[in-house]
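Peer 1: Following is a predicted model, sequence given first.
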Amino acid sequence: MKTFSVDDLLWAFIENADDAHRSIRVSAAGHPWGYVRIKGPTGKHQVVIERYNASVAVEEVHRALNGVEARPRRAGDPPTSSKKITEHPLGYSAGPKMGGLQWGISAKDLADNYATPAAFVEAIVDACAKAGSPW
């Protein structure tokens, strides 16, 4: 099964998701796995790459992208909390709160729907532009 690694995805964002005037912002959190958070040049949009399995959590503006689905919730939990990543590939690795990142794409679906990590980054940036809210 072909998949993209966390590093492949991170570098694709670093190399393809900025513009001439502003850079993206990258931060990491969580233990033992955690995630890498990437904020676009405008600071309005973000994605999270899970270090556990290279799935990517995305915002509402990205929900129509190929392969994206709602992140799983535990029965009875608030709508902004998720299952653990060990229970579902789109779950959380560090803290159960999803905030605005209520959608996601698994590593398998990423590879099935996008030829390269750069193609996925292009889809993320384009979705923001189409919604009238630059990445």
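Peer 2: Sure thing, it's come through.
Peer 1: For Ala119, report the pLDDT, please.
Peer 2: The model reports Ala119 with a pLDDT of 97.
Peer 1: Regarding this structure, what is its longest helix?
Peer 2: In the chain, taking DSSP state H as the definition, the longest helix is helix 117-130.
Peer 1: Can you name every helix or strand that that one contacts?
Peer 2: Packing contacts for helix 117-130, counted by 3 or more CB pairs under 8 Å, 6 or more residues apart in numbering; DSSP states H and E, involve helix 6-16, helix 107-113. (C-beta placed from N, C-alpha, C; glycine too.)
Peer 1: any chance of the ones you listed in JSON lines, with mean neighbour count too?
Peer 2: Conversion of the helices and strands packed on helix 117-130 to JSON lines gives the following (neighbours: other CB atoms under 10 Å):
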{"stretch": "helix 6-16", "mean neighbour count": "18"}
{"stretch": "helix 107-113", "mean neighbour count": "19"}
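Peer 1: For Lys97, which of those helices is the nearest?
Peer 2: Lys97 lies closest to helix 6-16 among the helices and strands packed on helix 117-130, at 21.2 Å (CB to CB).
Peer 1: next structured bit after the closest one?
Peer 2: Next along the chain after helix 6-16, taking DSSP states H and E as the criterion, comes strand 25-29.
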